[in-house]
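**Q** quick one: sequence and predicted model below, then my questions.
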Amino acid sequence: MGGQRDDGKGGTDSEDLGLTTQGPTLLVTDMAVWRPHPGATRVAIAASCDWDVRYADDCSETPPPTPAKLATLRDIRRRTADAPRRSAA
């Protein structure tokens, strides 16, 4: 696990994991996870963000989900829809 740095700049978790980048390395939004989802345009992605979006030269779309992944997601949705709801007390 990470610890405190001697220079007062916070934890060392990123360094302990071997990450050498500065700042976020993964962005998750409604339209993209790391790479734009199929059909999501750069214009639409930029419009949904409150910052200037930059893209790597080799930016590509996420691959479509496999039939097995879709079946799993649909099963989870069905089971959670069927689950009894607890009321907040």
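**A** Arrived safely, thanks for sending. Numbering: from 1, shown residues only.
**Q** show me where this protein has its strands.
**A** 32-33, 35-36 (DSSP state E).
**Q** closest one to residue 73 among those?
**A** Closest approach to residue 73 among the strands of the chain (Cβ to Cβ): strand 32-33, 14.0 Å. For glycine as for every other residue, the C-beta is placed from the backbone atoms N, C-alpha and C.
**Q** what's next to that closest one, contact-wise?
**A** 26, 27, 40, 45, 62 (Cβ atoms under 8 Å, 6 or more residues apart in numbering).
**Q** residue 52 and residue 28, how far apart?
**A** Going from residue 52 to residue 28 by Cβ to Cβ, to the nearest Å gives 18 Å.
**Q** which of these two has more residues huddled nearby?
**A** A count of neighbours by other Cβ atoms under 10 Å puts residue 28 above the other of residue 52 and residue 28, at 9 against 6.
**Q** for the more buried one, list each beta-bridge partner.
**A** Beta-bridge partners for residue 28, by DSSP bridges, are residue 33.
**Q** number of residues surrounding residue 30?
**A** With other Cβ under 10 Å as criterion, residue 30 counts 9.
**Q** and it, what is it in contact with?
**A** Taking Cβ under 8 Å, 6+ apart as the test, what residue 30 contacts is residue 48.
**Q** hmm, back to that, now the contacts of strand 32-33 in TSV, with pLDDT?
**A** Below are these laid out as TSV (pLDDT from 0 to 100):
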residue	pLDDT
26	63
27	71
40	84
45	84
62	79
